[in-house]
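**Student:** sequence and computational prediction follow.
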Amino acid sequence: MKALTILLIRISTGLLLMLWGVIKIGAPERAIEVSNKYYGELISGENLQMGLGGAEILLGALVCLGLLRKIVYPAQALVLFLGVAFIWNYILDPLGLYLLDEDSRNPLFFPSLCVFFCDARSARIQG
């Protein structure tokens with residue numbers, strides 16, 4: 001059962017990365033909006049979005065296939081960690097009780113924390 005659970009975590013987090021990559025390539029204007037809002041415009045260039053999208057698709061595919069694990073799993077954990085780090089206030093206050101207000105709260109970001117910890121745990125077990 002443990003092996004199946006780890007496989008499913010690996011595939012689902014790999015697919016998540018691939019989905020983000022497809023969005024960056026297929027709808028760079030939407031990815032730029034997200035960057036502007038949550039990442040302080042650090043990755044707002046269209047060419048940068050396209051490059052990051054391609055890299056995320058490749059990384060996600062390698063994760064799903066279980067290839068190059070010693071390189072790919074830490075890279076995936078880093079990408080997921082950075083995603084959580086930039087939305088820390090949504091993680092700490094998903095209901096908008098003290099850091100956010102009613103208009104900016106978003107409990108849908110909270111699962112990002114779970115995804116990161118599941119991925120980090122499975123990478124440690126498999127690596």
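**Tutor:** Received it, and whenever you're ready, just let me know what you need.
**Student:** now the residue nearest the centre of the chain. Nearest residue, chain neighbours left out?
**Tutor:** By CA atoms, centre = their mean, the chain has its centre lying nearest to residue 80, at 4.1 Å. Of all residues not flanking residue 80 in the chain, residue 116 sits nearest, at 4.4 Å (CB to CB, 6 or more residues apart in numbering). Quick note: C-beta positions are derived from backbone N, CA and C, even for glycine.
**Student:** would you list every one of the helices in this structure?
**Tutor:** Counting by DSSP state H, the chain has helices at residues 2-26, 28-38, 46-65, 69-86, 88-92, 111-126.
**Student:** which of those comes out lowest on mean pLDDT?
**Tutor:** Among the helices of the chain, helix 111-126 has the lowest mean pLDDT, at a mean of 67.
**Student:** returning to that earlier point: so which of the helices of the chain gets nearest residue 101?
**Tutor:** helix 88-92 (11.0 Å; CB to CB).
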